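[1] Structure for the following, please:
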Amino acid sequence: MHGKNYTSLAGPELLLECGAHPHDSELWEVFYTRYRRKITKYALHALRSYGPPNDSTQVADLVQEVFLELFLHEARVMRSFRGNTELSVHAFLSRVTAYTIADHFRNARATRRHAPTVPVEPSAVILCKDDALQRNSLVSVMDIERALLRDSRRHNSQRDRWIFTLHFVEGYTAKEIAAFPETRLTVSGIDKAITRIRSRLIQMVA
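    Predicted coordinates for the structure are as follows:
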């Protein structure tokens, strides 16, 4: 990578390079500059579950926690990225942001109770925010991704995974997802994808 213009890297390549070179400050500065606003947006959305933020400082602090989570342990979390599209980058960062903020509030509650916490592996489980799945909503992320990718011939399998994360995990509406320029789907198209994914998930938890 010596002599290469980091700003010219595509999103997936940039994440992979950050994972491979956790101490390259110039590389991480490019990553921070490019995705800070996205992660801030994801953090503000994740905070909806915990009430309005205390102030802008709290949001900034939580965003820094997300970047720290990506950097810690020789960028272990960053090295877990396996995507190859910009959609997969956004889904990955959205998921890491949600997990980091959930851990922040879980640890804060545990501190107030003076009780030890049991860490949850970020990729292990999720809590689906969908009424049809509430009766058995603890689902393995890996199982879900395998289900969505089971038909490898489907050209939109990667997009389904992204929509799954945004809608079922993060709580975005079809209208909000359609507003992402990378989506390239109408609200009606997103609704159809959500219905298709929900059907697959209900089969999994039945």
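[2] where exactly do the strands run in this protein?
    For the chain, the strands defined by DSSP state E occupy 125-127, 138-140.
[3] Considering those strands, which stretch scores lowest in mean pLDDT?
    Mean pLDDT per stretch puts strand 125-127 lowest among those, at a mean of 39.
[4] any idea how this protein splits into domains?
    Listed domain ranges for the chain are 1-119, 124-206 (source: automatic domain parsing).
[5] comparing those domains, which gets the lowest mean pLDDT score?
    Lowest mean pLDDT of the domains of the chain: domain 124-206, a mean of 65.
[6] which residues does the residue nearest to residue 78 when sequence neighbours are not counted contact?
    Leaving aside its sequence neighbours, residue 78 sits nearest to residue 19 (CB to CB, 6 or more residues apart in numbering; 3.9 Å). (Each C-beta comes from the backbone N, C-alpha and C, glycine too.) Counting by CB atoms under 8 Å, 6 or more residues apart in numbering, residue 19 makes contact with 75, 78-79, 81.
[7] Just among those residues, which is most surrounded?
    Most neighbours among the contacts of residue 19, by other CB atoms under 10 Å: residue 78, with 23 neighbours.
[8] where's that residue relative to residue 68, distance?
    Separation of residue 78 from residue 68 (CB to CB, to the nearest Å): 12 Å.
[9] What segments of this protein are helices?
    With DSSP state H, the ranges of helices along the chain come out as 11-20, 25-46, 56-79, 86-113, 141-148, 157-164, 174-178, 187-205.
[10] Residue 5: which of those is closest?
    Proximity to residue 5 (CB to CB) singles out helix 25-46 among the helices of the chain, at 9.2 Å.
[11] and the helices of the chain as JSON lines, adding distance to residue 5?
    Formatted as JSON lines, the helices of the chain follow (distance: least, CB to CB, whole Å):
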{"stretch": "helix 11-20", "distance to residue 5": "11"}
{"stretch": "helix 25-46", "distance to residue 5": "9"}
{"stretch": "helix 56-79", "distance to residue 5": "20"}
{"stretch": "helix 86-113", "distance to residue 5": "18"}
{"stretch": "helix 141-148", "distance to residue 5": "33"}
{"stretch": "helix 157-164", "distance to residue 5": "27"}
{"stretch": "helix 174-178", "distance to residue 5": "32"}
{"stretch": "helix 187-205", "distance to residue 5": "35"}
